[in-house]
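Colleague: Need a 3D model of the sequence below.
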Amino acid sequence: MNKLKRELYRDPKRGKIAGVCAGLSDYFNMELWLVRILFITAVLLSGGPLFVVIYIACWFILDKKEPSLSQSTGKFDEIDPISVKFKVWQKGEPPRQALFDLKDRLTRLDNRIQSMETYVTSSEFTVSREINKL
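Modeller: Alright, predicted model coming up:
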């Protein structure tokens with residue numbers, strides 16, 4: 001399996017102060033708001049200065065994220081305007097439609113499981129398995 005090389009960069013375009021939390025969210029593949037909450041919680045619970053010093057050090061040590069070539073426009077953009085949204089609330093899909101889609105997927109999955117169960121419990125499966133044992 002081919003692993004992509006991940007590097008830690010600051011992302012000032014998405015960041016509030018210096019983009020350190022945005023870079024960490026990219027590196028660890030986490031939501032940006034979650035990284036910010038974890039950082040603020042760490043600052044408050046540790047007494048403050050340690051994590052503030054670490055943040056400032058990362059601000060000076062980490063390089064800025066380089067602009068990437070956008071596939072949609074062919075120009076160098078910081079953020080590709082076309083991105084795939086995996087979560088329901090990111091798609092902008094109404095809750096009823098999301099519920100309908102989930103219900104449809106579960107119905108199809110249930111039908112597949114029922115057909116597999118029907119085959120496994122049939123005499124055809126038993127005969128086929130006995131033939132394969134010979």
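
Colleague: Wait, a helix at residue 7?
Modeller: No. Remark: residue 7 does not belong to a helix; assigned using DSSP: H, G, I helix; E, B strand; the rest coil, it is coil.

Colleague: contacting residues for it?
Modeller: residue 27 (C-beta atoms under 8 Å, 6 or more residues apart in numbering). For glycine as for every other residue, the C-beta is placed from the backbone atoms N, C-alpha and C.

Colleague: what's the spacing between it and residue 27?
Modeller: 8 Å (C-beta to C-beta, to the nearest Å).

Colleague: Also residue 56?
Modeller: Separation of residue 56 from residue 27 (C-beta to C-beta): 18 Å.

Colleague: Then residue 41?
Modeller: Taking C-beta to C-beta as the measure, residue 41 falls 19 Å from residue 27.

Colleague: how about the strands in the chain?
Modeller: In the chain, the segments counted as strands under DSSP state E are 68-69, 76-77.

Colleague: Quick one: mean pLDDT over the last one.
Modeller: If you average the pLDDT over strand 76-77, you get 48.

Colleague: go on, the first one?
Modeller: The average pLDDT within strand 68-69 is 55.

Colleague: Please apply the same query to stretch 33-41.
Modeller: Computed over stretch 33-41, the average pLDDT equals 90.

Colleague: And for stretch 7-22?
Modeller: 86.

Colleague: In it, which residues are buried?
Modeller: Using 16 or more other C-beta atoms under 10 Å as the test for burial, stretch 7-22 gives 9, 10, 11, 12, 14, 15, 18, 19, 20, 21, 22.

Colleague: Just give me the residue right at the centre of this protein.
Modeller: residue 29 (5.9 Å; C-alpha atoms, centre = their mean).

Colleague: And that one, how far from residue 35?
Modeller: As judged by C-beta to C-beta, residue 29 and residue 35 stand 11 Å apart.

Colleague: which strands and helices sit next to the longest helix along the chain?
Modeller: Using DSSP state H, we find that the single longest helix of the chain is helix 95-120. If contacts are counted by 3 or more C-beta pairs under 8 Å, 6 or more residues apart in numbering; DSSP states H and E, helix 95-120 sits against helix 88-91.
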